[in-house]
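K.L.:
Quick one: sequence and predicted model below, then my questions.
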Amino acid sequence: MTEFWTIEGIDGAGKSHLLSRLATTASQVTALHKDHPLRTGNIWLDRRLVLMHDLTWGYDHAEPVWGYPAHYWLHSLAAWYTLFHHAHVAPALSHTRPVVVDGWYFKHQARMTLSGDDRLVSQAEDVFSALPQPDRIILLTTTAEVATTRRAGTSKPSEHGAFTTKRATTSPDDFTDYQTRTARALEELLGAHPAPVHTLHSTADETDLLSLLHGEANA
């Protein structure tokens, strides 16, 4: 069985972009896009994943979803990641190529640590730790200022901290502040995780990532 890797970082860090570049080297790795997974061949499973994804991430951004209970989001996220792993990650792990996903649950847990709700933080730790865990983690060290520039005009209220402030905003300053705080929380979470964490600069490309993947695989 091969290793399960995840690419982590704040919103706008470049996780999906890097995975898309990595996908061009399909003979060397299995790159799995969470937002655009390949069909499994099981129409019921595929449809359920699409529906769950739409409810969790594809909602109309005018909907004040931050008004729903935080624990609803915790369990919705956990359910989706569980099924995605079952449908896509676990089967791919039976092959010899490293399996790489553009982000796992860590960013969401980091956001929940900013809520000020100790009960939610504790439950998030219990729920997320029960999910399948990566063998290795890649952290993109993209600054919040760079991410703000990248996401200008396309960011969502949740990326500006709406789940914490309970209000919608599209202010670039709010985005930068929230992503800065999320980055600190994310680094703290990953520092406590048992999987090795490898950092890559925000300008890293698929060559840098392949070098890291193969270097660790052969270590």
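P.N.:
That came in fine, so what should we check first? Numbering: from 1, shown residues only.

K.L.:
I'd assumed His33 was in contact with His88.
P.N.:
No. Applying CB atoms under 8 Å as the test, His88 and His33 come out as separate, 9.4 Å apart. Using the backbone N, CA and C atoms, a C-beta is placed for each residue, glycine as well.

K.L.:
How far does the lowest-mean-pLDDT helix or strand in the chain sit from its chain's centre?
P.N.:
Least confident helix or strand, the chain: helix 206-217 with a mean of 80, by mean pLDDT, DSSP states H and E. Between the centre of helix 206-217 and the centre of its host chain there is 20 Å, according to CA atoms, centre = their mean, to the nearest Å.

K.L.:
what residues does that helix touch?
P.N.:
Helix 206-217 is contacted from outside by 3, 5, 7, 18, 21-22, 24-25, 28-29, 98, 100, 136, 138, 196, 198, 200-201, using CB atoms under 8 Å, 6 or more residues apart in numbering.

K.L.:
This structure: helices as residue ranges?
P.N.:
For the chain, applying DSSP state H gives helices covering 15-22, 43-56, 70-84, 90-92, 106-113, 118-129, 144-150, 162-165, 172-192, 206-217.

K.L.:
Which elements pack onto the longest one?
P.N.:
Put plainly, it is helix 172-192. Judged by 3 or more CB pairs under 8 Å, 6 or more residues apart in numbering; DSSP states H and E, the packing partners of helix 172-192 are helix 106-113, strand 136-140, helix 144-150.

K.L.:
For the last one, buried residues please.
P.N.:
By 16 or more other CB atoms under 10 Å, the buried positions in helix 144-150 come out as 144, 146-148, 150.
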